[in-house]
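Student: With the sequence up front, the predicted model follows.
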Amino acid sequence: MIPQPGETADEMWEATGWKMPREESGAIGVFYHDVDAALAAEAMSRERRQSETTSREPWPLDAWPNVPTHVIIGRDDLFFPADWLRGVVRDRLGIEPDVLACGHTPALSRPKELVELMESYRA
């Protein structure tokens, strides 16, 4: 999520044209489709309801901080489709995102690749 200063998450969704994915296959299908089934079930068993409060509060800073910034997106993410998110990153941050061959949860589906990419930013 990349809100503009003063923009709520709900406003960001509207401004960027994000669409809620069809959940015909449920949360497993949207968030964990490329995760080992046992690990996905374990992750689902530990989920908690997410607060909606932050989606209604404006992002509080006047601008994004002037620090090195990287964005990693999942090529096969069904919740934040890569084509949509790539455009949001370009428009709002002025950078090109890095893309991993994964869905929404790379820490579970591609942990080694995710860490290697993140470590490369330290160089």
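Tutor: Received it, and whenever you're ready, just let me know what you need. Small disclaimer: the values here were computed from a predicted structure and weren't measured.

Student: shaky segments in this structure?
Tutor: 23-24 (pLDDT under 70).

Student: how about the helices of it, start to end?
Tutor: Under the criterion DSSP state H, the chain carries helices at the ranges 9-16, 26-31, 37-45, 53-56, 82-93, 106-109, 111-120.

Student: what's next to the third one, contact-wise?
Tutor: Here helix 37-45 makes contact (C-beta atoms under 8 Å, 6 or more residues apart in numbering) with A27, I28, Y32, V35, T105, L108. All C-beta atoms are positioned from the backbone trio N, CA, C, and that covers glycine.

Student: Touching, W64 and L93? I think so.
Tutor: Yes. Using C-beta atoms under 8 Å, W64 makes contact with L93 at a distance of 6.7 Å.

Student: so can I have JSON lines of the helices of the chain showing mean neighbour count?
Tutor: Below are the helices of the chain laid out as JSON lines (neighbours: other C-beta atoms under 10 Å):
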{"stretch": "helix 9-16", "mean neighbour count": "15"}
{"stretch": "helix 26-31", "mean neighbour count": "16"}
{"stretch": "helix 37-45", "mean neighbour count": "12"}
{"stretch": "helix 53-56", "mean neighbour count": "11"}
{"stretch": "helix 82-93", "mean neighbour count": "16"}
{"stretch": "helix 106-109", "mean neighbour count": "18"}
{"stretch": "helix 111-120", "mean neighbour count": "12"}
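
Student: Which one, of those helices, ends up nearest to T69?
Tutor: Between T69 and the helices of the chain, the shortest gap by C-beta to C-beta is with helix 82-93, which sits at 6.1 Å.

Student: any chance of the helices of the chain in a markdown table, plus distance to V71?
Tutor: Below are the helices of the chain laid out as a markdown table (distance: least, C-beta to C-beta, whole Å):
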| stretch | distance to V71 |
| --- | --- |
| helix 9-16 | 14 |
| helix 26-31 | 19 |
| helix 37-45 | 23 |
| helix 53-56 | 19 |
| helix 82-93 | 5 |
| helix 106-109 | 12 |
| helix 111-120 | 11 |
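
Student: Using CSV, write down the CA coordinates of stretch 43-55.
Tutor: C-alpha atoms of stretch 43-55 as CSV (Å, rounded to 0.1, in the frame of the first residue of the first chain):
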residue,chain,number,x,y,z
ALA,A,43,-0.6,-19.7,8.6
MET,A,44,-4.4,-19.6,8.4
SER,A,45,-4.8,-21.2,11.8
ARG,A,46,-2.8,-18.3,13.3
GLU,A,47,-4.5,-15.4,11.5
ARG,A,48,-6.3,-12.7,13.4
ARG,A,49,-8.9,-10.2,12.3
GLN,A,50,-7.2,-7.1,10.9
SER,A,51,-8.4,-3.7,12.3
GLU,A,52,-10.2,-1.5,9.8
THR,A,53,-9.1,1.6,11.7
THR,A,54,-6.0,2.3,9.7
SER,A,55,-7.9,2.2,6.4
